[in-house]
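> Any chance you could fold what I've pasted below:
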Amino acid sequence: MPPTYVMLLWHMHQPFYKDLAEDFYVMPWVRLHALKDYYGMVAILREFPGVHVTFNLVPSLLAQLDEYARDVAREEEYDIAFQPVEKLTTAAREQLLDFAFHVNRDNLLNRYPRFRELFERAQSARHQEGAARLFTFQDFLDLQVLSQLAWFDEIYLAGDPEVRAVVKKSRGYSESDKIVLRKKGIEIFKVALEEYAAASQRGQVEISTSPFYHPILPLLCDTDVAEESHPGVRLPRRRFKHPEDARAQLRASVELHHRFFGSRPRGLWPSEGSVSDEVLKLAVQEGFEWTATDEGVLGRSLQMSFSRQGDGTMAGGRELYRPHRFVVGENGISIFFRDHQLSDLIGFVYSRLDAQAAATDLHQRIRAAGRSTGNRPAVVPIILDGENAWEFFPGNGREFLRAFYGRLASDPDLRAVTASEALGVTEQGTLSHVVPGSWIDSNFDVWIGADEDNRAWDLLSEARDFFAAKSGDPGLDPLKVRLAEQELWIAEGSDWCWWYGPEHSSAHDEEFDLLFRKHVSNIYHLLGGSPPDELAVPIKRPAAKAKVVAPAGRIAPRVDGQVTSYFEWLGAGVYSPDYRSSSMHGGARCLEALYFGHNERSVYLRLDLVEKFLEEYPQFEVRVNVDSESRVRVQARIEQGRLGTVQFWKRDKQIMVPLASGDQLQVAFQRVFELRLDYALAGLAPGQKTSFQVSLWADDLPLQIIPPEGWLTLDLTDDLVSW
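This next block holds a predicted model:
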């Protein structure tokens, strides 16, 4: 068998948080992710010189990171975090009590006991007016230090003596400790940029780019293109059609890349993998040699599908696991198509597994994928976000990466190569047309079509027309015209419509909405105009979070895998998941709703599963954990739409239970999954509280945990639910 070439691309991107008109950073995420991700992700490769990787560094991220490295970035949360405690105003202390805890609780906050203690006190006091008065100067000083230390890169936490000394101190911090952390933070910002340049110079890393402010290029060229990938999609009232802006953002990205790294980039990751024929022609004209998108775009363009077989090989793998050449006259551009499942396993699944087990699983899946092309070399592209996933991994994912890179380096049948290195290893396919789309569902629905998205496009389009009409005015300050153009490009970025519409939501919806409208308003202000009144009105509607409705009464439904009657589950509690509260898009969306309740003898659960999930996974497993102390677990396998084996575990020991009679345990599956578990079998008793959690698995991998926030608690006396 010829070798399998693994083309791994880590995409590094954050929205543009700076208000150019006021020269001020509105949100801290570039700085915090710079502390946690950017340096360590490239520095770890020094341990594996044979592993070659591609990093896509979005120009707007580099520009922001550079300002933090030069210590010229102005940001309120940064100032509050390092201001002497005695100079903090009451308002600043209240702000600190809010933003300090915007961090992953399990893997970042909880590893520092003093940080957890302060969080729990802040939670208890959050509804009290003037809560800041309940905290001492030392509390605030410790909070300042720990809220920054929680984000520090694992390499610095383990290897830098000064940072280790701060960690070891654990509490009772001083102003000098804050000075150390600030100095180390700036050091990380600087060495991150230097490390990418060094890795590129030694040939281990290739650095690609994206359009400067991360716009969806096909929509920038023409919003009507959305209808080709989604016929009937609702388009904005005003058509946006400015391919000249797309070209300008590409040229600006090449210019900045050359300034930072001394050469022009060969590769282009179009924002969110969004491509169209017009965008590919632009990329060819601007001198790019390769680009990439998702397997779904290739499938729609070739009118074929890709599916994994029982042995792990990919049906259609001969096409998927090679680049394709999009020809434009005598020139062209090579396109890689990401393996969607392998990429998503890293982003959404492996954080729930032991690091070594996850790395082994990925290694085996890559080897199986490589067998999909017969005797032809396979190029397996794995492309995903290189920063946001790691906070869900213990140790920021570094143990997983070391285990995975180690397996790549030691396997003679695998070669980890950069994208440019992968271009010449196998014969390329040919494409004359691609169906427009992105890496999400092979369309642009995340960014256009919803009322909020379309309103944002209309406001942007109106501002674009204003810019075209006013920017040539000879009486205007050229510097202000240039700033207005930058504000326009920023507003064209993908990140604003990422949060608009029904797909995504976060605790910072209001800030993102305000910042988008501020960027658009700045275009008018800088050119001597008055922004329209519509820009004063929020676009984003209030977020709908996961809902938990407590049980209202005892239930006794028939456990038959069907919704026999509406009334049989009347009175049950309902958990409805929220799939929007994440900066990332993806992971399995398996569950529509979870129903739960009890009567004097038994606990009942019902899972209503998403139709698309049932189509994609004919075989899966439901695991129901009941009562975390006694460790009761029911495992039920679903095979080809039918209930297969059912196992019952208690305190990690399997116990045989006569399921046929249904005396103590009943499980059924047809359209819905239903379960009845008797108190006697689970070791429960009326009047006590019990907790439960449900997880869905396929191919021995966890797809979804319900609820992700922890366990649901069911009071077997008064039916009150909490979590």
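> Residue 633 belongs to a strand?
Yes. Judged by DSSP: H, G, I helix; E, B strand; the rest coil, residue 633 forms part of a strand.
> May I have the beta-bridge partners of it?
residue 625, residue 649 (DSSP bridges).
> Can you check the pLDDT for it?
In this model, residue 633 is scored at 89, pLDDT.
> Over to residue 442?
95.
> secondary structure class for it?
Going by three-state DSSP: residue 442 is coil.
> With residue 13 as the reference, measure out to it.
20 Å (C-beta to C-beta, to the nearest Å). C-beta coordinates here come from the backbone N, C-alpha and C atoms, glycine included.
> Assess the claim that residue 80 and residue 91 are in contact.
No. The pair residue 80 / residue 91 is not scored as a contact, 9.6 Å apart, by C-beta atoms under 8 Å.
> Looking at those two, which one has more neighbours?
residue 80 (20 against 10; other C-beta atoms under 10 Å).
> Where does the more buried one sit, in terms of helix or strand?
helix 76-82 (DSSP states H and E).
> Just the mean pLDDT for that helix, thanks.
Computed over helix 76-82, the average pLDDT equals 97.
> And the contacts of it?
Contacts to helix 76-82, defined as C-beta atoms under 8 Å, 6 or more residues apart in numbering, come from residues 24-25, 27-28, 31, 88, 92, 95-96, 99-100, 144, 147-148, 178, 181-182.
> Against which helices or strands is the next helix or strand after that helix packed?
Sequence-wise, the next helix or strand downstream of helix 76-82 (DSSP H and E) is helix 90-99. Counting by 3 or more C-beta pairs under 8 Å, 6 or more residues apart in numbering; DSSP states H and E, the packing neighbours recorded for helix 90-99 are helix 76-82, helix 137-149.
> buried residues in helix 90-99?
Buried residues in helix 90-99, counted by 16 or more other C-beta atoms under 10 Å: 92, 93, 95, 96, 97.
> Repeat that for stretch 176-194.
Neighbour-count burial for stretch 176-194 [16+ other C-beta under 10 Å]: 177-178, 180-181, 184-185, 187-193.
> Endpoints of stretch 678-691, how far apart?
Terminal residues of stretch 678-691 lie 14 Å apart, using C-alpha to C-alpha, to the nearest Å.
> Contacts for it next, please.
So stretch 678-691 is in contact with 600-603, 626-628, 630, 632, 648, 650, 657, 663-665, 711-717, going by C-beta under 8 Å, 6+ apart.
> In ChimeraX, select just the buried ones from those residues.
A single ChimeraX command selects the buried members of those (16+ other C-beta under 10 Å):
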select :602,603,626,627,632,648,650,657,664,665,711,712,714,715,716
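> OK, contacts around the closest residue to residue 524 other than its chain neighbours?
Leaving aside its sequence neighbours, residue 524 sits nearest to residue 531 (C-beta to C-beta, 6 or more residues apart in numbering; 4.3 Å). By C-beta under 8 Å, 6+ apart, the contact set of residue 531 is 520, 521, 524, 525.
> out of these, which is most surrounded?
Busiest of the contacts of residue 531 [other C-beta under 10 Å] is residue 520, holding 25 neighbours.
> if I read this right, that one contacts residue 463, doesn't it?
Yes. Residue 520 lies in contact with residue 463 (C-beta under 8 Å); the separation is 5.0 Å.
> which neighbours do these two share?
Shared contacts of residue 520 and residue 463 (C-beta under 8 Å, 6+ apart): residue 491.
> what is the mean pLDDT for stretch 282-300?
98.
> gap between the two ends of that stretch?
21 Å.
> Just the helices from the stretch 201-350 of the chain, written as ranges.
Secondary structure of the stretch 201-350 of the chain by DSSP state H, counting those that start in this stretch: the helices cover 217-221, 226-229, 243-261, 277-285, 295-302, 317-320, 340-344.
> What lies in contact with the helix or strand just after the last one?
Note on helix 340-344: by DSSP H and E, the next helix or strand toward the C-terminus is helix 355-370. Contacts of helix 355-370 with the rest of the structure, by C-beta under 8 Å, 6+ apart, involve 1, 3-4, 6, 311-314, 317, 321, 339, 342, 345-346, 349-350, 353, 378, 380, 382, 393-395, 399-400, 403-404, 406-408, 411, 413-414, 700-701.
> how about 6 Å then?
4, 312, 313, 314, 350, 378, 380, 399, 400, 403, 404, 407 (C-beta atoms under 6 Å, 6 or more residues apart in numbering).
> thinking again about what came up before, how near is the residue nearest to residue 524 to residue 480?
In terms of C-beta to C-beta, residue 531 sits 15 Å off from residue 480.
> Could you list the low-pLDDT ranges of the chain?
543-546, 579-588, 628-630, 658-662, 709, 718-723 (pLDDT under 70).
> domain assignment for it?
With domains defined by automatic domain parsing, the chain comprises 4-16+202-229+245-431, 451-536, 547-722.
> mind listing the helices for the stretch 451-600 of the chain?
Counting by DSSP H, counting those that start in this stretch, the helices of the stretch 451-600 of the chain are 451-470, 478-491, 495-499, 509-526.
> ok, residue 563 - contacts?
Counting by C-beta under 6 Å, 6+ apart, residue 563 has no contacts.
> Please repeat the previous calculation with a cut-off of 10 Å.
557, 569, 595, 606, 608, 670, 671, 672, 674 (C-beta atoms under 10 Å, 6 or more residues apart in numbering).
> surely residue 240 meets residue 222?
Yes. Between residue 240 and residue 222 there is a contact at 7.5 Å, judged by C-beta atoms under 10 Å.
> Which one's more surrounded, those two?
residue 240 (21 against 17).
> separation between that one and residue 668?
From residue 240 to residue 668 the distance is 52 Å (C-beta to C-beta).
> Point out the most buried one among the helices and strands packed on helix 90-99.
Most buried of the helices and strands packed on helix 90-99, by mean neighbour count (mean count of other C-beta atoms under 10 Å): helix 137-149, with a mean of 22.
> Show me what that helix is packed up against.
Helices and strands touching helix 137-149, by 3 or more C-beta pairs under 10 Å, 6 or more residues apart in numbering; DSSP states H and E, are helix 29-33, helix 76-82, helix 90-99, helix 113-125, helix 161-169, helix 175-201.
> Let's see that with 7 Å instead.
In terms of contacts (3 or more C-beta pairs under 7 Å, 6 or more residues apart in numbering; DSSP states H and E), helix 137-149 is packed against helix 76-82, helix 90-99, helix 113-125, helix 161-169, helix 175-201.
> Of all the ones you listed, which one is nearest residue 61?
helix 175-201 (10.7 Å; C-beta to C-beta).
> For residue 664, give its distance to residue 683.
In terms of C-beta to C-beta, residue 664 sits 12 Å off from residue 683.
> so residue 423 touches residue 292, yeah?
No. Using C-beta atoms under 7 Å, residue 423 is not in contact with residue 292; the gap is 11.7 Å.
> Relative to residue 686, how far out is residue 715?
11 Å.
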